[in-house]
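J.: Sequence and predicted structure, then a few things I'm wondering about:
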Amino acid sequence: AAAAAAAAPPPVSTARAATVLPTLPDTFPVAFFDRVLLDAPCSGLGQRPRTRHVMSLHNLREYSGYQKKLFESARKLVRPGGILVYSTCTINPEENEGVVGWALERFPELVLEDQTPYLGHPGLPRCGLADEHLPRVQRFVPAVDDTIGFFVARFRCP
């Protein structure tokens, strides 16, 4: 125990942390940022298999509700002309195409933009997005791309 305590780094005092770490406000004003990345908490169904993680269908369906609330908050923070990027590490269409489709309905002023570089695959049809929007999102599939599964959509906020 003594050896472990000696090997541990010294604790950082609150006074020292205040001089080292930047102070951020508890909230930000509306339209404060040029760009916002919403890497939303998700079900993680794109991750490598986890043997000890058990998720019910009810829990799985709750994620898109959380993601929509976070999207609403993120949208408020983007300045006119700014960019909002929505991403997840899941292959669940309800959390990906479903949330993007909801966002386009909820915020009709948003423009779903083409992405460069385009390395992934288009969105899944009949999962919440219009056909013309499918090539504007990127979906990465573990079995095809030799990577974890994830999803990216880029919006312009007028």
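T.: Nice, I can see it.
J.: Could you list the low-confidence segments of the chain?
T.: 1-22, 24, 48-53 (pLDDT under 70).
J.: what comes into contact with the lengthiest helix in the chain?
T.: For the chain, the longest helix by residue count, based on DSSP state H, is helix 57-77. With contacts defined as C-beta atoms under 8 Å, 6 or more residues apart in numbering, helix 57-77 is touched by 28, 30-33, 36, 38, 40-43, 45, 84, 86, 88, 90, 92, 94-95, 98-99, 102-103, 106-107, 110, 157. To be clear about C-beta, it is placed using only N, CA and C from the backbone, and glycine gets the same treatment.
J.: Check which residues of it are buried.
T.: Neighbour counts using 16 or more other C-beta atoms under 10 Å place 60, 63-64, 67-68, 70-71, 74-75, 77 of helix 57-77 among the buried residues.
J.: if we can go back for a sec, of the contacts of helix 57-77, which belong to helices?
T.: Where the contacts of helix 57-77 overlap with helices, as defined by DSSP H, the overlap consists of 98-99, 102-103, 106.
J.: Export the residues you listed as a markdown table, with columns for neighbour count and distance to residue 150.
T.: Formatted as a markdown table, those follow (neighbours: other C-beta atoms under 10 Å; distance: C-beta to C-beta, whole Å):
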| residue | neighbour count | distance to residue 150 |
| --- | --- | --- |
| 98 | 18 | 15 |
| 99 | 29 | 14 |
| 102 | 17 | 19 |
| 103 | 23 | 17 |
| 106 | 13 | 23 |
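J.: so who does residue 87 touch?
T.: By C-beta under 8 Å, 6+ apart, the residues touching residue 87 are 37-40, 150-153.
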